[in-house]
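predicted structure and sequence below. I'll ask about it afterward.
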Amino acid sequence: MKSALITGANRGIGLETAKQLSEQGLFVYVGSRDIKKGKATVEELIGNGFMNVQAIEIDVTKPGSVLSAKNIIEKEQGRLDVLINNAGISGPVPQSALETTTDHYKEVFEVNLYGAIHVIQAFIDLMRKSPEPRIINVSTSVGSLSLQSNPGWPAYDYAKYAVYGSSKAALNMYTVHLAYELRDTPFKVNAVCPGYTKTDFTN
């Protein structure tokens, strides 16, 4: 049975992804910074008939937490087949390029970029044991330089996310370089934009 880890999976897009992967027969680790929330989510999933789901504590901003999660999965599964970096924050809005402080940039980048890097680097050796390893970084069109520069884009004038957009643009570039470095291996590396989706994140 293939295994998957989804960070930030106790709600929103991460939770829906967990449901769909469970339905496809994967063993899914529902990553949550707050293990109590993660366990409550898994109890609800099991109550609704989803199988092979397990809560795991992982705070992507804390290398020790990431390593602990990696050790648990290695002991229980021996490898990891799918890694979905879904954990993310928007930071306080609106976000002005001229007025938002660098402290706010650091807070958002710590989760959206550095957190994904922490997780990937910690799990890469475990994923190398999979015959078909997959890494997916959840991104957004708000991080697209082309779209943000296009006056014809419907969200062109919705300039509220200078910090969030910058963090996702950086994640996109990291994803491109990661895919390049792993190009001659069984890995497939992608960024995905789920679109404007009805979740707590989008209110």
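Structure received.

residue contacts, the closest residue to residue 96 other than its chain neighbours?
Spatial nearest neighbour of residue 96, chain neighbours left out: residue 162 (6.3 Å); criterion: Cβ to Cβ, 6 or more residues apart in numbering. C-beta: built from backbone N, CA, C; applies to glycine. Neighbour list for residue 162: 95, 96, 97, 100 [criterion: Cβ atoms under 8 Å, 6 or more residues apart in numbering].

Provide a PyMOL selection command restricted to the buried entries of the residues you listed.
A single PyMOL command selects the buried members of those (16 or more other Cβ atoms under 10 Å):
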select buried, resi 95+100
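
among the contacts of residue 162, which are in strands?
Among the contacts of residue 162, no member is found in strands (DSSP state E).

just send the contacts of residue 162 back as JSON lines, with pLDDT and distance to residue 83 too.
Below are these laid out as JSON lines (pLDDT from 0 to 100; distance: Cβ to Cβ, whole Å):
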{"residue": "95", "pLDDT": "91", "distance to residue 83": "28"}
{"residue": "96", "pLDDT": "92", "distance to residue 83": "34"}
{"residue": "97", "pLDDT": "93", "distance to residue 83": "32"}
{"residue": "100", "pLDDT": "94", "distance to residue 83": "30"}
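
for the contacts of residue 162, which one is nearest residue 155?
Comparing the contacts of residue 162 against residue 155 with Cβ to Cβ picks out residue 95 as the nearest, at 14.0 Å.

average pLDDT for the helix ranked longest in the chain?
Across the chain, the longest stretch assigned as helix under DSSP state H is helix 162-181. Averaged across helix 162-181, the pLDDT comes to 97.

CA atoms of it as PDB?
Taking Å, rounded to 0.1, in the frame of the first residue of the first chain, the C-alpha atoms of helix 162-181 are listed here in PDB:
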ATOM      1  CA  ALA A 162       2.200  41.200  -1.600                       C
ATOM      2  CA  VAL A 163       3.600  39.000   1.100                       C
ATOM      3  CA  TYR A 164       1.600  35.800   0.400                       C
ATOM      4  CA  GLY A 165       2.100  36.200  -3.400                       C
ATOM      5  CA  SER A 166       5.800  36.700  -2.900                       C
ATOM      6  CA  SER A 167       6.100  33.600  -0.700                       C
ATOM      7  CA  LYS A 168       4.300  31.400  -3.300                       C
ATOM      8  CA  ALA A 169       6.300  32.900  -6.200                       C
ATOM      9  CA  ALA A 170       9.400  31.800  -4.300                       C
ATOM     10  CA  LEU A 171       7.900  28.300  -3.700                       C
ATOM     11  CA  ASN A 172       7.200  28.000  -7.400                       C
ATOM     12  CA  MET A 173      10.800  28.800  -8.300                       C
ATOM     13  CA  TYR A 174      12.000  26.300  -5.600                       C
ATOM     14  CA  THR A 175       9.700  23.700  -7.200                       C
ATOM     15  CA  VAL A 176      11.200  24.300 -10.600                       C
ATOM     16  CA  HIS A 177      14.700  23.900  -9.300                       C
ATOM     17  CA  LEU A 178      13.800  20.800  -7.300                       C
ATOM     18  CA  ALA A 179      12.200  19.200 -10.300                       C
ATOM     19  CA  TYR A 180      15.300  19.900 -12.300                       C
ATOM     20  CA  GLU A 181      17.600  18.300  -9.700                       C
END
